[in-house]
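**Student:** A predicted structure for the sequence below; I have some questions about it.
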Amino acid sequence: TLLLVGLSHDINNKLAPLLLYLEILQTPGRVDSNEARTKIYPAMQRLVESMSGISKNFLEMSRLASGEFKLTPGKMDVGELLREVVLYQELEAQHRKIKVSIDLPQSSVLVKADEKAMKTVLMNLLGNAIKYTLKEGLITLGATVDEAKGIVTIFVQDNGIGISAEDQKNIFKSFYRTEKGKITAEGFGVGLSLAKK
């Protein structure tokens, strides 16, 4: 059941901005043909490709639920990943008048990680940040590097509704939602649980 709810949650995260793009394209005078061709259609394609990826990853998520999930680490550029994640959800943020910025060191940040798994985690974290940040809010995705320790920290920071210290103990539990969160936005309470797993 958790797996199916998780998939529904992930697909819904892609469908919401896709439907918004379609609405914009159907509104006379909202965008010109150049903007549609250079920005909206490519973004819609990315969302459709992402949903296709979800269906292809069904087996991997089944393995995750059964404890057989295997990561495939490889060389990954953190900056490229963060920019891609922002592109996927850019319109939803713009629609809510939320500014999303990326904060990276000047030089490229390369790590060994499973890119698909990292993308799933960051899509959930950014999606939550957008969902629980009020209109005209601020969100920053970034990375810091501690070269002495060989550690890269990726973060998502926002000025949204916040999470109390008591709720922070429970937010990674499946289906858990804070009372404040229930009032602010719809959801299933599975995104953070899946991201942690």
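**Tutor:** Looks like it arrived, so ask away.
**Student:** give me the contacts around stretch 114-132.
**Tutor:** With CB atoms under 8 Å, 6 or more residues apart in numbering as the test, stretch 114-132 has contacts from 10, 13, 53, 57, 71-74, 76, 81-82, 84-86, 88-89, 92-93, 96, 98, 100, 139, 141, 154, 156, 158, 160-161, 181, 184-185, 187, 191-192, 194-195. Using the backbone N, CA and C atoms, a C-beta is placed for each residue, glycine as well.
**Student:** and residue 169, how many residues sit next to it?
**Tutor:** 11 (other CB atoms under 10 Å).
**Student:** list phi and psi for it.
**Tutor:** phi -70, psi -20 (degrees, to the nearest 10).
**Student:** tell me the pLDDT of it.
**Tutor:** Residue 169 carries a pLDDT value of 81.
**Student:** what's the answer for residue 7, then?
**Tutor:** 67.
**Student:** re earlier: mind checking which of the contacts of stretch 114-132 are buried?
**Tutor:** Listed as buried from the contacts of stretch 114-132 are 10, 13, 57, 76, 81-82, 84-86, 88-89, 92-93, 98, 100, 139, 141, 154, 156, 158, 160-161, 181, 184, 187, 191-192, 194-195; burial here means 16 or more other CB atoms under 10 Å.
**Student:** out of the residues you listed, which are inside helices?
**Tutor:** If you go by DSSP state H, these have 10, 13, 81-82, 84-86, 88-89, 92-93, 181, 184, 191-192, 194-195 in helices.
**Student:** what's the host helix or strand of residue 143 in contact with?
**Tutor:** Using DSSP states H and E, residue 143 falls within strand 138-146. The contact list for strand 138-146 (CB under 8 Å, 6+ apart) reads 78-79, 82, 85-86, 93, 98-105, 109, 122, 126, 129-130, 133, 151-159.
**Student:** that strand: partners in the sheet, and parallel or antiparallel?
**Tutor:** Take DSSP bridges as the rule and strand 138-146 pairs in its sheet with strand 99-103 (parallel), strand 151-158 (antiparallel).
**Student:** so for residue 49, which of those sits nearest?
**Tutor:** strand 99-103 (20.7 Å; CB to CB).
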